[in-house]
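>>> Give the three-dimensional model of this entry:
(one chain, ligands or ions: 2)
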Amino acid sequence: MTDQKATNVTWHDHTVTKVERRKLMGHKSAILWFTGLSGAGKSTVANTVDHLMHEKGIHTYVLDGDNVRMGLNKNLGFSADDRTENIRRIGEVAKLFSDAGIFVLTAFISPYRADRDRVREIMGEGEFIEVYVNASLATCEERDPKGLYKKARAGEIKGFTGIDDPYEEPAKAEITLDADTKSIDELAQEVVAYLDANGYLSA
Ligand SMILES: Nc1ncnc2c1ncn2[C@@H]1O[C@H](COP(=O)(O)OS(=O)(=O)O)[C@@H](OP(=O)(O)O)[C@H]1O
Ligand SMILES: Nc1ncnc2c1ncn2[C@@H]1O[C@H](COP(=O)(O)OP(=O)(O)O)[C@@H](O)[C@H]1O
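Ligands and ions are numbered 1, 2, ... in the order given. This is a model prediction of the structure:
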């Protein structure tokens, strides 16, 4: 956890409220937080959901692992502390998007339950939708699109999630996707169906 460093700072409320922004957008906003092992399908499913929502006229934006780690979080590695700080910053950025009325989809391993729960806590009720992309290690290792599992097994990468670093499964995910057996399109449709059934797609 990062403590408040600066003193003499005061929170300013916005003149245009979140409710007014959502009315203008014509839909609600929230964080769709995809979590799971490397190769589980977080990025692919998030981008497919993004596309489906965009087609429905919903304002969306995807924050994706590799991209954020090349910019905002380029000074962070994969130690436990750095992963925690990675998730804290992404959570704060995602909250800003949601406050602006945009549906934000995040695709990060986010291996620690406490880090994900901390993001949940800074969001309002119903504004943090945890999506567990549940693929087994065997499936992810078989896909291995970047060859990273192979390197981790060979000892060329240390502290790789699922191999010699932990992944803590969500205890209370709003959506759990069976990413071992279902297609990307089926999984994406499940997420959109959840949003529809829970009133997120209208103001
Ligand atoms: N040690 C180690 N462990 C796990 N992953 C590693 C590691 N080193 C590099 N990579 C690559 O970085 C991507 C994960 O970054 P994230 O920001 O999502 O990780 S975390 O949430 O901070 O744990 C992850 O990408 P995805 O496959 O998209 O998940 C990997 O490609
Ligand atoms: N449900 C699925 N069925 C088959 N292949 C998948 C599925 N989900 C993802 N993939 C494939 O697995 C690879 C890793 O997916 P990706 O979205 O990059 O995972 P992550 O973002 O979790 O690391 C990609 O090549 C993708 O096309």
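>>> Partner strands of the strand ranked longest in the chain and their direction?
In the chain, assigned by DSSP state E, the strand with the most residues is strand 128-134. With DSSP bridges as the test, strand 128-134 is paired with strand 31-35 (parallel), strand 175-178 (parallel).
>>> Of the ones you listed, which stretch is the most buried?
Highest mean neighbour count of those: strand 31-35, a mean of 28 (counted as mean count of other CB atoms under 10 Å). All C-beta spots, glycine's among them, are computed from the backbone N, C-alpha and C.
>>> now it, how far from the chain's geometric center?
Remark: strand 31-35 is offset 3 Å from the chain centroid, using CA atoms, centre = their mean, to the nearest Å.
>>> on contacts alone, who are the packing partners of the helix or strand that comes right after it?
On the C-terminal side of strand 31-35, the closest following helix or strand by DSSP states H and E is helix 42-55. The helices and strands touching helix 42-55, judged by 3 or more CB pairs under 8 Å, 6 or more residues apart in numbering; DSSP states H and E, are strand 31-35, strand 60-64, strand 103-107, strand 128-134, helix 184-197.
>>> hmm, back to that, want to throw the strands paired with strand 128-134 into CSV with distance to E169 and mean pLDDT?
Shown next, in CSV, are the strands paired with strand 128-134 (distance: least, CB to CB, whole Å; pLDDT from 0 to 100):
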stretch, distance to E169, mean pLDDT
strand 31-35, 9, 98
strand 175-178, 9, 98
